[in-house]
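Enquirer: Return atomic coordinates for the entry below.
(2 chains)
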Protein chains: 2
Amino acid sequence: MKIIVYGLGIIGGSIAASLKRAGHTVLGKNRSREPIDYALSHNFIDGEAKELAGADVVFLALPPKVAMRVLDEERFSKGCIVADICGVKEPIERAVYEKERAYRYVGTHPMAGKETTGITSASADLFRRANFVMTECEKTDKEAVEIIRSLALDMGFARIVLCTAKEHDRMIALTSQLAHIVSSAYIKSPLAFECVGFTGGSFQDMTRVAPMDDVWAELFLLNREALVPELDRLIEGLSAYRAAVEKGERDDVLALIREGKRFHDEFFARNGGK
Amino acid sequence: MKIIVYGLGIIGGSIAASLKRAGHTVLGKNRSREPIDYALSHNFIDGEAKELAGADVVFLALPPKVAMRVLDEERFSKGCIVADICGVKEPIERAVYEKERAYRYVGTHPMAGKETTGITSASADLFRRANFVMTECEKTDKEAVEIIRSLALDMGFARIVLCTAKEHDRMIALTSQLAHIVSSAYIKSPLAFECVGFTGGSFQDMTRVAPMDDVWAELFLLNREALVPELDRLIEGLSAYRAAVEKGERDDVLALIREGKRFHDEFFARNGGK
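Expert: Numbers count the residues shown, from 1 in each chain, chains lettered A, B, ... in the order given. Just a heads-up that it's a prediction; the model follows:
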């Protein structure tokens, strides 16, 4: 099986590195030269791909708009499985099925990352114990899904979920996009520069993903239908706390605290203690 | 030097365990019996204290209202150094200096914790690499501060900050209390129970401290003057994102993202890369 990873950033580099370590033959493709050299010298890839034709599986580890263009314009071999890794799935799926395609598309979202980007942050271990989401619709080829599932296991993912693109986008608004917005808004306090020495684990957790790169603007806008209601809900939740604290209503504050604990414990139980 | 730790929960237990490991003689006092037995059997304390009189240093690892009562009513030896560990400092300081006291008070806040509570979560390593805040005013005894500072180093704290109670409370509203409220509000999404398999590190970070215990209600209300403005600021920040995303204004979203990155990088630089 000939696998090509197009786009050697942190995710693409880690896909290549983990698949190569699992015994697959992996070629890399990238617009600029340096990531190719880095991937070759770190044994992430077996060689460079000059074109996508000829591959059995192509991972597109590219920003959404670039991925959509490649999915629309690039030449893939007939029957080739093409998987993008974008953080939104409905707009990509829509772009794919605008026309008849010779390739077989599977949407994926590897739920892993770091605060840093680029191939120098990539690692064959990035996906260990992480979640992997695959999306399908009535046009999705079942065999292609099973091949991607098997490759995701080879990459080291612990849990693989298959759902519709719409379900993915709704969930991801809560589990990833909202978290990045909160983190970014959180750190913008005028007190932030003075609070060195006053921080504990909770502040570090809140602000870890604040340094987003620009691609997040694309992701937020592509998913605004799901994201805006989650923002509204969080603003409401914070406002409830604000009102109870401001009024000094101990029972109201206690009720809010206990409600949060209940939700957390329930989530924890369903998630197998994680 | 005879040290008594009153209140053997996660913080009190860890103070005792780390000081004892550093070579100090430490006695424990607790209302219920089980934590004493646990601390004895885990070598956290040398014995049980029946009263606070006779101690050179007493750590009060108690909830704010209980700590204030003990500081007001309990008998300490003349010159004894008494340090509370509450997450708010102005109300405690005010209660202490309402009268002349034979003891010497130092306010402290060990910036460490876990999602779990109680002495079974305590450890001699809890404070490693953590921040320790001490508060002072014009009535504070300088020697007492230096003794507590030295004990904090023995406990394993990496950075020790000395400031006024007011400064502490202002900072902590941002670095700790707001984080707990966000975490609690965040997890209350109707989607939370369905999103198993869709989570990555950022969701885990956002929701880690959601399971607060009831003492947080006390802390929020005691610090509402500092907390409400931070809540307002965060709600405003989220509303700015909401408006930009809802309108589909890419440049506005980008500006918000970049502003967050700037704040984060500046904080990171001032904090020595943490």
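
Enquirer: what about A:Arg129, neighbour count?
Expert: A:Arg129 has 11 neighbours, counted by other CB atoms under 10 Å in any protein chain shown. (Glycine included, C-beta is placed from N, CA and C.)

Enquirer: which residues touch the residue lying closest to it once chain neighbours are set aside?
Expert: Leaving aside its sequence neighbours, A:Arg129 sits nearest to A:Ala158 (CB to CB, 6 or more residues apart in numbering or on different chains; 4.7 Å). The neighbours of A:Ala158, taking CB atoms under 8 Å, 6 or more residues apart in numbering or on different chains as the test, are A:128-131.

Enquirer: before we move on, what about A:Arg208?
Expert: A:Arg208 makes contact with A:115, A:183, B:201-202, B:205 under the criterion CB under 8 Å, 6+ apart.

Enquirer: So which of those residues sit within helices?
Expert: Cross-referencing these against helices under DSSP state H gives A:183, B:201-202, B:205.

Enquirer: Would you mind putting these into CSV with neighbour count and pLDDT alongside?
Expert: Below are the ones in helices among the contacts of A:Arg208 laid out as CSV (neighbours: other CB atoms under 10 Å in any protein chain shown; pLDDT from 0 to 100):
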residue, neighbour count, pLDDT
A:Ser183, 24, 97
B:Gly201, 18, 89
B:Ser202, 22, 93
B:Asp205, 22, 94
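
Enquirer: The longest strand along chain A: what's the following helix or strand?
Expert: Counting residues, the longest strand found in chain A (DSSP state E) is strand A:104-111. Next helix or strand after strand A:104-111 toward the C-terminus (DSSP states H and E): strand A:131-135.

Enquirer: so does that next one get close to chain B?
Expert: Yes - counting by CB under 8 Å from any CB of the partner chain, chain B has neighbours in strand A:131-135: A:131, A:133.

Enquirer: which helices and strands does that strand pack with?
Expert: In terms of contacts (3 or more CB pairs under 8 Å, 6 or more residues apart in numbering or on different chains; DSSP states H and E), strand A:131-135 is packed against strand A:104-111, helix A:142-155, strand A:159-163, helix A:165-172.

Enquirer: Packing partners of the second one?
Expert: Judged by 3+ CB pairs under 8 Å, 6+ apart, the packing partners of helix A:142-155 are helix A:10-21, strand A:57-60, strand A:81-84, strand A:104-111, strand A:131-135, strand A:159-163.

Enquirer: For it, which residues meet the burial criterion?
Expert: A:144-145, A:147-149, A:151-152, A:154-155 (16 or more other CB atoms under 10 Å in any protein chain shown).

Enquirer: one step back: may I see the helices and strands packed on helix A:142-155 arranged in a markdown table, with distance to A:Val196, mean pLDDT and mean neighbour count as well?
Expert: A markdown table is the format used below for those (distance: least, CB to CB, whole Å; pLDDT from 0 to 100; neighbours: other CB atoms under 10 Å in any protein chain shown):
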| stretch | distance to A:Val196 | mean pLDDT | mean neighbour count |
| --- | --- | --- | --- |
| helix A:10-21 | 28 | 98 | 26 |
| strand A:57-60 | 41 | 98 | 26 |
| strand A:81-84 | 41 | 98 | 25 |
| strand A:104-111 | 32 | 97 | 24 |
| strand A:131-135 | 34 | 97 | 24 |
| strand A:159-163 | 38 | 96 | 18 |
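
Enquirer: can I get these in TSV with distance to A:Ala240?
Expert: What follows is those, written out as TSV (distance: least, CB to CB, whole Å):
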stretch	distance to A:Ala240
helix A:10-21	37
strand A:57-60	42
strand A:81-84	38
strand A:104-111	29
strand A:131-135	30
strand A:159-163	31
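
Enquirer: A:Leu40: which of the ones you listed is closest?
Expert: Set against A:Leu40 and scored by CB to CB, those come closest in helix A:10-21, at 10.4 Å.

Enquirer: export the closest one as CSV, just CAs?
Expert: Extracted C-alpha coordinates of helix A:10-21, given in CSV (Å, rounded to 0.1, in the frame of the first residue of the first chain):
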residue,chain,number,x,y,z
ILE,A,10,2.7,18.8,13.3
ILE,A,11,-0.2,16.5,12.3
GLY,A,12,1.0,15.4,8.8
GLY,A,13,4.5,14.8,10.2
SER,A,14,3.1,12.7,13.1
ILE,A,15,0.8,10.7,10.7
ALA,A,16,3.9,9.9,8.5
ALA,A,17,6.1,9.1,11.5
SER,A,18,3.7,6.9,13.2
LEU,A,19,2.7,5.0,10.1
LYS,A,20,6.3,4.5,9.0
ARG,A,21,7.2,3.2,12.4
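
Enquirer: Domains in chain A, by residue range?
Expert: Recorded structural domains for chain A (assignment: automatic domain parsing) are A:2-163, A:169-270.

Enquirer: so which of these gets nearest B:Arg94?
Expert: With CB to CB as the yardstick, what comes closest out of the domains of chain A is domain A:169-270 (16.8 Å).

Enquirer: quick revisit: nearest to B:Val66, out of the ones in helices among the contacts of A:Arg208: which one, please.
Expert: Comparing the ones in helices among the contacts of A:Arg208 against B:Val66 with CB to CB picks out B:Asp205 as the nearest, at 31.4 Å.

Enquirer: mind listing what the residue nearest to that closest one when sequence neighbours are not counted touches?
Expert: Spatial nearest neighbour of B:Asp205, excluding adjacent residues (CB to CB, 6+ apart): A:Asp205 at 4.0 Å. For A:Asp205, the contact set (CB under 8 Å, 6+ apart) comprises B:179, B:205-206, B:208-209.

Enquirer: list the buried ones in whichever strand or helix holds A:Arg94?
Expert: Following DSSP H and E, one finds A:Arg94 within helix A:90-96. Within helix A:90-96, the residues scored as buried using 16+ other CB under 10 Å are A:90-93, A:95-96.

Enquirer: Now it: average pLDDT?
Expert: Throughout helix A:90-96, pLDDT has a mean value of 97.

Enquirer: what's the pLDDT at A:Gly273?
Expert: In this model, A:Gly273 is scored at 60, pLDDT.

Enquirer: swap in A:Ala130?
Expert: 94.

Enquirer: Counting neighbours, what do you get for it?
Expert: 19.

Enquirer: hang on, it packs against A:Met111?
Expert: Yes - using CB atoms under 8 Å, A:Ala130 is in contact with A:Met111, at 5.5 Å.

Enquirer: any common contacting residues for these two?
Expert: With CB under 8 Å, 6+ apart as the test, A:Ala130 and A:Met111 both reach B:Gly200.

Enquirer: and the end-to-end length of stretch A:195-210?
Expert: 16 Å (CA to CA, to the nearest Å).

Enquirer: buried residues in that stretch?
Expert: A:195-203, A:205-210.

Enquirer: in chain A, which ranges drop under the pLDDT threshold?
Expert: A:273-274 (pLDDT under 70).

Enquirer: Grab the longest helix from it for me.
Expert: Longest helix in chain A, counting by DSSP H: helix A:224-247.

Enquirer: Using CSV, write out the CA atom coordinates for that helix.
Expert: Provided in CSV are the C-alpha atoms of helix A:224-247 (Å, rounded to 0.1, in the frame of the first residue of the first chain):
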residue,chain,number,x,y,z
ARG,A,224,-20.2,29.2,13.2
GLU,A,225,-23.6,27.6,13.2
ALA,A,226,-22.5,25.1,15.8
LEU,A,227,-20.0,27.5,17.6
VAL,A,228,-22.2,30.5,18.3
PRO,A,229,-24.8,28.5,20.4
GLU,A,230,-22.0,27.0,22.5
LEU,A,231,-20.5,30.5,23.0
ASP,A,232,-24.0,31.7,24.0
ARG,A,233,-24.4,28.9,26.4
LEU,A,234,-21.0,29.5,28.1
ILE,A,235,-21.7,33.2,28.4
GLU,A,236,-25.0,32.4,30.0
GLY,A,237,-23.4,30.0,32.4
LEU,A,238,-20.8,32.6,33.4
SER,A,239,-23.5,35.2,33.8
ALA,A,240,-25.4,32.9,36.2
TYR,A,241,-22.3,32.7,38.4
ARG,A,242,-21.7,36.4,38.1
ALA,A,243,-25.3,37.2,39.2
ALA,A,244,-25.1,34.8,42.2
VAL,A,245,-21.7,36.0,43.3
GLU,A,246,-22.5,39.7,42.9
LYS,A,247,-25.7,39.3,44.9
